[in-house]
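Participant: need coordinates for the below:
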Amino acid sequence: MASPIVQYIVLRKDLVDKLKWPIGALIAQACHACTAVMHNFREETTTQQYLADIERMHKVVLEANNEESLMALAEKLKAENVDHKLWIEQPEDIPTCIATRPYQKDLIQSHFKKFKLMK
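Facilitator: Model prediction:
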């Protein structure tokens with residue numbers, strides 16, 4: 001049986017904990033990144049399969065401790081050719097979130113092992 005198709009989203013936890021962003025603002029960052037990555041990779045077969053069954057979409061929402069850990073993940077994903085969107089809030093130029101395009105879970109889950117589920 002094929003691995004499920006999943007989208008990973010990683011948000012900076014310090015934006016809420018230390019910089020006192022409202023939780024709604026953080027959720028908006030995830031929405032921006034997810035919308036952008038789906039648009040950017042809409043022609044990918046896995047993205048089309050994911051969107052064809054919207055009642056059964058799988059997302060894994062994780063937390064990065066700070067900007068440094070988010071940027072390190074972005075560099076790792078880029079180096080490994082994992083399609084993703086690093087959302088940078090403007091005009092403040094603050095990296096806030098990463099969303100991958102949908103992938104077979106077993107192909108990319110190893111990149112996210114060190115991140116905890118968002119709480």
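Participant: hey, C-alpha coordinates of the longest helix seen in the chain in CSV?
Facilitator: In the chain, with assignment by DSSP state H, the single longest helix is helix 23-40. The C-alpha coordinates for helix 23-40 follow below in CSV (Å, rounded to 0.1, in the frame of the first residue of the first chain):
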residue,chain,number,x,y,z
ILE,A,23,-2.4,33.0,17.5
GLY,A,24,-4.7,34.2,14.6
ALA,A,25,-1.7,36.0,13.0
LEU,A,26,0.3,32.8,13.2
ILE,A,27,-2.5,30.8,11.7
ALA,A,28,-2.7,33.3,8.9
GLN,A,29,1.0,32.7,8.1
ALA,A,30,0.3,29.0,7.7
CYS,A,31,-2.6,29.8,5.4
HIS,A,32,-0.4,32.1,3.3
ALA,A,33,2.3,29.4,3.0
CYS,A,34,-0.1,26.6,2.2
THR,A,35,-2.0,28.7,-0.4
ALA,A,36,1.3,29.8,-2.1
VAL,A,37,2.8,26.3,-2.2
MET,A,38,-0.4,24.7,-3.6
HIS,A,39,-0.4,27.4,-6.3
ASN,A,40,3.3,27.1,-7.1
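Participant: buried stuff in that helix?
Facilitator: Leu26, Ala28, Gln29, Ala30, His32, Ala33, Cys34, Ala36, Val37, Met38 (16 or more other C-beta atoms under 10 Å). No exception for glycine: its C-beta is placed from N, CA and C like everyone else's.
Participant: what's the answer for stretch 100-108, then?
Facilitator: Under the neighbour-count criterion of 16+ other C-beta under 10 Å, stretch 100-108 has Thr100, Arg101, Pro102, Tyr103, Lys105, Ile108 buried.
Participant: switch these over to CSV; also include secondary structure and distance to Met1.
Facilitator: Output for those, formatted as CSV (DSSP: H, G, I helix; E, B strand; the rest coil; distance: C-beta to C-beta, whole Å):
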residue, secondary structure, distance to Met1
Thr100, strand, 22
Arg101, coil, 22
Pro102, coil, 17
Tyr103, strand, 16
Lys105, helix, 12
Ile108, helix, 18
